[in-house]
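> Sequence first, predicted model second:
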Amino acid sequence: MRLLLDTVTFVCAISAPERISKRAMSALQAETALLELSAISLSEIAIKQALQKLMLNRPDVLRGIEDLRLRVLPYTAEHALTLFNLPLHHSDPFDRQLIAQALSEKIPIVTCDEKFSLYSGLKVLW
């Protein structure tokens with residue numbers, strides 16, 4: 001099963017895995033899970049690191065991707081075009097792009113953000 005990790009989920013997975021729910025951790029550790037991280041999350045982490053809002057650097061991120069055996073999911077025009085039909089339940093532009101990507105790809109997203117569940121058709125795992 002493909003699973004898209006929200007940025008916060010990825011950060012927790014590499015720096016504070018105890019913060020991830022038991023249900024989400026079980027899904028992430030399942031043998032059949034194909035874990036994906038959006039290229040959008042990489043941008044978000046880099047921007048927040050530059051603004052000193054997050055203390056992860058490039059080597060930390062690369063090591064996390066490798067350790068968790070993540071596939072980086074490119075952000076495409078199809079994903080971006082999905083934003084046109086997305087209700088404004090969430091104002092964070094990074095999260096909106098992740099939501100559009102998960103909807104477009106028809107894959108669940110692993111997140112603790114309760115606002116994600118407001119989007120019809122989006123499967124949220126936590």
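Right, received. Where do you want to start?
> hey, where'd the strands end up in this structure?
2-5, 34-38, 71-73, 109-110, 124-125 (DSSP state E).
> Which of the ones you listed sits closest to residue 95?
Among these, the nearest to residue 95 by C-beta to C-beta is strand 109-110 (9.6 Å). (Each C-beta comes from the backbone N, C-alpha and C, glycine too.)
> What mean pLDDT does that closest one get?
Across strand 109-110, the average pLDDT comes to 98.
> who's in contact with the one residue sitting closest to the centre of the chain?
Centrality entry for the chain: nearest residue to the mean C-alpha point is residue 6, 2.0 Å, by C-alpha atoms, centre = their mean. Residue 6 sits next to 41, 95, 98, 109-113, 116 when contact means C-beta atoms under 8 Å, 6 or more residues apart in numbering.
> can you check residue 11 too?
Going by C-beta under 8 Å, 6+ apart, residue 11 touches 45, 54, 56.
> How about residue 1?
27, 30, 32-34, 108.
> Might you specify the subset of the residues you listed located within helices?
residue 27 (DSSP state H).
> just the buried members of the contacts of residue 1?
27, 108 (16 or more other C-beta atoms under 10 Å).
> Adding distance to residue 15 as columns, could you present the contacts of residue 1 in CSV?
What follows is the contacts of residue 1, written out as CSV (distance: C-beta to C-beta, whole Å):
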residue, distance to residue 15
27, 19
30, 22
32, 26
33, 20
34, 23
108, 23
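> Which members of the contacts of residue 1 are the farthest-apart pair?
Maximum distance among the contacts of residue 1 (C-beta to C-beta): 12.9 Å, for 32 and 108.
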